[in-house]
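> okay, here's the prediction I keep looking at, along with the sequence it came from:
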Amino acid sequence: MSKVDHAVAFRRREILAGIHVRPVYSGERDLWDALIRQHHYLGLHSLVGKTLRYGAVFQGHWLALLGWQAAALKCKDRDRWIGWAPVTQYQRLHFIANNSRFLILPGVRIKNLASRILSLNLKRLSSDWLAVHGHPVFLAETFVETPRFTGACYRAANWQVLGQTRGFSKCGRRTQNALPKQILVYPLHPSARKMLADPNPHPSWRWPMQSMASPLLPRNRPAPNVCLPSTGNTGASTFRIM
């Protein structure tokens, strides 16, 4: 391995070990929204229902952004996998969070970064949801548009593929939009399916069967730098601040 290769490998390991994922502060929300609106292929109108926005940060710089929102109201393969009755589904749907946006910022090219970020986010998602919204979440879900994307980073982070949507959406009425998506889930609790589907919750169950109001995240935090890695003469990753 050449000196250049060693430098690249060391820098990659340094970033993967040093990156952390945290919720954005309320003062950072406008920047998060603007970056998603500009760089994500879906853009951004709004996130639906209860939400959390995250930044993946290395040495004070954002490398990636993630957005979570309320779960899909219905999803045949997901609902069959959980095994819940319709009445239980509507009572407990808020215990599922949907990863509706995931953006590696333009110019960031680091092998295994996406799956590393997903893993870090999943480790804290339920506790963050509890802190902000008053209850945990037991299951994460996402829908990956194929063939535009393969979903490889989700599978590398141990998400389970449940099937594929039929390409329908509902906005007032059910319409064919010709955009079938791969359905993936990640249990955030060892007994996630039982906790969602069991009609008789365990006596230790402490959480409501309906939504709760959400407190605001902390304010008045400094805005992050937004970083795009570039490659210098050595091939090692450096950061350009925009």
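Looks like it arrived, so ask away.

> what values do phi and psi take at the residue nearest to residue 167 when sequence neighbours are not counted?
In space, and not counting its chain neighbours, residue 167 is closest to residue 180: 4.3 Å by C-beta to C-beta, 6 or more residues apart in numbering. (Each C-beta comes from the backbone N, C-alpha and C, glycine too.) The phi and psi torsions at residue 180 (degrees, to the nearest 10) take the values phi -60, psi 150.

> now do the helices in this structure.
Assigned by DSSP state H, the helices in the chain fall at 3-18, 29-39, 76-82, 86-92, 113-133, 152-156, 192-197.

> mind giving me CSV with the ones you listed and columns for mean pLDDT?
Rendered in CSV, the data for these read as follows (pLDDT from 0 to 100):
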stretch, mean pLDDT
helix 3-18, 70
helix 29-39, 93
helix 76-82, 96
helix 86-92, 92
helix 113-133, 96
helix 152-156, 93
helix 192-197, 94
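
> let's have those in TSV, adding distance to residue 144 and mean neighbour count.
TSV is the format used below for these (distance: least, C-beta to C-beta, whole Å; neighbours: other C-beta atoms under 10 Å):
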stretch	distance to residue 144	mean neighbour count
helix 3-18	23	14
helix 29-39	17	15
helix 76-82	13	17
helix 86-92	23	15
helix 113-133	12	19
helix 152-156	7	17
helix 192-197	20	18
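
> hmm, back to that, you'd agree the residue nearest to residue 167 is up against residue 148?
No: judged on C-beta atoms under 8 Å, residue 180 makes no contact with residue 148 at a distance of 10.9 Å.

> more crowded one of the two?
Just comparing residue 180 and residue 148: by other C-beta atoms under 10 Å the higher neighbour count belongs to residue 180, 15 against 9.

> next one, pLDDT for the more buried one please.
Residue 180 carries a pLDDT value of 85.

> ok, back up a step: how much space between the residue nearest to residue 167 and residue 137?
In this structure, residue 180 lies at 26 Å from residue 137, with C-beta to C-beta, to the nearest Å as the measure.
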